[in-house]
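Asks: turn this into a model:
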Amino acid sequence: MKKGKRYTAAAELVDRTVLYDQVQAIELVVKSATAKFDETIEAHIRLGVDGRHSEQQVRGAVVLPHGTGKTLRVLVFAKGPKAEEALAAGADFVGADELIPKIQNEGWLDFDIIVATPDMMGVVGRLGRVLGPKGLMPNPKAGTVTMDVKKAVDEIKAGKIEYRLDKTNIVHVPVGKASFGVEKLEENFQTVMYALMKARPSAAKGQYMKSITITSTMGPGIKINPAKISEK
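Replies: Reported below is the predicted structural model:
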C-alpha cells in the first residue's frame, strides 16, 4: 500500500534497524506525529509468555499519572446506594436490569468501560455475547467488578487503563497524546512498564519482554530496546 508524503517524511526520522532507548524513542514518536489532529501514542509489548495457559495470563489495570488524553464514558451496573454513589462519582450512565434490552436489542454501546458491583454480575453476564467480543466485560483483575464504585469511577476518569494479552501474546496500550510532550509520555510509558513487570507470571521463563514498539496513530513504529527497560 502506498504511503502518504507525511508518513514517508516521518519514517525517514526512524532507523528501523536500531533498538532505541525509551527516551530517544519517545522523542522520535513525538517528532513523527505530524498529523493535523492530536495523535494517540501507543505501546505494543510482546511478552515471553503463552497466554493459552491460564497461569501465564497477564491482565490488570494501571492509572497513568497524566491520563490518556481521552475522556472515557463509564457505565455502572449498580442498585440503591451504590447507584447513587456511582452517579455522585461522575459515572456517565448508571442502571441495572433495565439496561439489558437497550444493549442487547437496540445495540446501545455509547460507553467505553463498564463497572459493576459483584451482585450485578449475574445481570451483566447475560450480555456476555455482546460485551465479550468487544472487551467490555467487567473483570475483578481490572478492578471493574467492585463494591467500591466511587474509587473505580475516580480512577477511570483519572486515566486508568486496562492491559491484557491478545492472541499473539502482545499487550497494546495507549500512553497518551502527542501533545503531552516527551516528559509526560515517558512517565506514562514507565508506569505501564512497571505494571507489566509486576504482573509477570511466576510460570514465565526466560526473557519476559521480547519486543517493544511505540507508535503514533499515523506514524511509523519505533523499536525500543527491551533489555534497557528498568525494573524499579
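Asks: what about the longest helix seen in the chain, average pLDDT?
Replies: The single longest helix within the chain, with elements called by DSSP state H, is helix 182-198. In this model, helix 182-198 carries a mean pLDDT of 95.
Asks: which residues touch it?
Replies: Under the criterion C-beta atoms under 8 Å, 6 or more residues apart in numbering, residues 22-23, 26-27, 29-30, 41, 43, 45, 47, 58, 60, 62-66, 161, 163, 171, 173, 175-176, 180, 208-209, 214, 229-232 lie in contact with helix 182-198. Heads up, the C-betas are built off the backbone N, CA and C, glycines and all.
Asks: I'd say Ile222 and Ala25 touch.
Replies: Yes. The pair Ile222 / Ala25 is scored as a contact, 4.7 Å apart, by C-beta atoms under 8 Å.
Asks: tell me, what's touching the two both at once?
Replies: Contacts common to Ile222 and Ala25, judged by C-beta under 8 Å, 6+ apart, are Ile214.
Asks: what are the ranges of the helices in this protein?
Replies: 5-11, 22-31, 80-89, 99-104, 121-125, 128-131, 149-158, 182-198.
Asks: please parse this structure into its domains.
Replies: 9-67+160-228, 74-157 (automatic domain parsing).
Asks: just put those in JSON lines and tack on mean neighbour count.
Replies: Below are the domains of the chain laid out as JSON lines (neighbours: other C-beta atoms under 10 Å):
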{"stretch": "domain 9-67+160-228", "mean neighbour count": "18"}
{"stretch": "domain 74-157", "mean neighbour count": "17"}
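Asks: in this protein, what secondary structure element scores lowest on mean pLDDT?
Replies: helix 5-11 (a mean of 66; mean pLDDT, DSSP states H and E).
Asks: okay, now the unreliable bits of the chain?
Replies: The model of the chain has pLDDT under 70 over residues 1-11, 230-232.
Asks: apply 50 and report the result again.
Replies: 1, 232 (pLDDT under 50).
Asks: mind putting the helices of the chain into CSV with distance to Lys167?
Replies: Shown next, in CSV, are those (distance: least, C-beta to C-beta, whole Å):
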stretch, distance to Lys167
helix 5-11, 27
helix 22-31, 26
helix 80-89, 33
helix 99-104, 25
helix 121-125, 23
helix 128-131, 18
helix 149-158, 26
helix 182-198, 18
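Asks: about what we covered before: pull the CA atoms of the longest helix of the chain into CSV?
Replies: Taking Å, rounded to 0.1, in the frame of the first residue of the first chain, the C-alpha atoms of helix 182-198 are listed here in CSV:
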residue,chain,number,x,y,z
VAL,A,182,8.3,13.8,26.0
GLU,A,183,8.4,14.1,29.8
LYS,A,184,4.7,13.2,30.4
LEU,A,185,4.7,10.5,27.8
GLU,A,186,7.8,8.9,29.3
GLU,A,187,6.3,8.9,32.8
ASN,A,188,3.1,7.3,31.5
PHE,A,189,5.2,4.7,29.5
GLN,A,190,7.4,3.9,32.5
THR,A,191,4.2,3.4,34.6
VAL,A,192,3.0,0.8,32.1
MET,A,193,6.3,-0.9,32.1
TYR,A,194,6.4,-1.1,35.9
ALA,A,195,2.9,-2.6,35.9
LEU,A,196,3.8,-5.2,33.3
MET,A,197,7.0,-6.2,35.2
LYS,A,198,5.0,-6.5,38.4
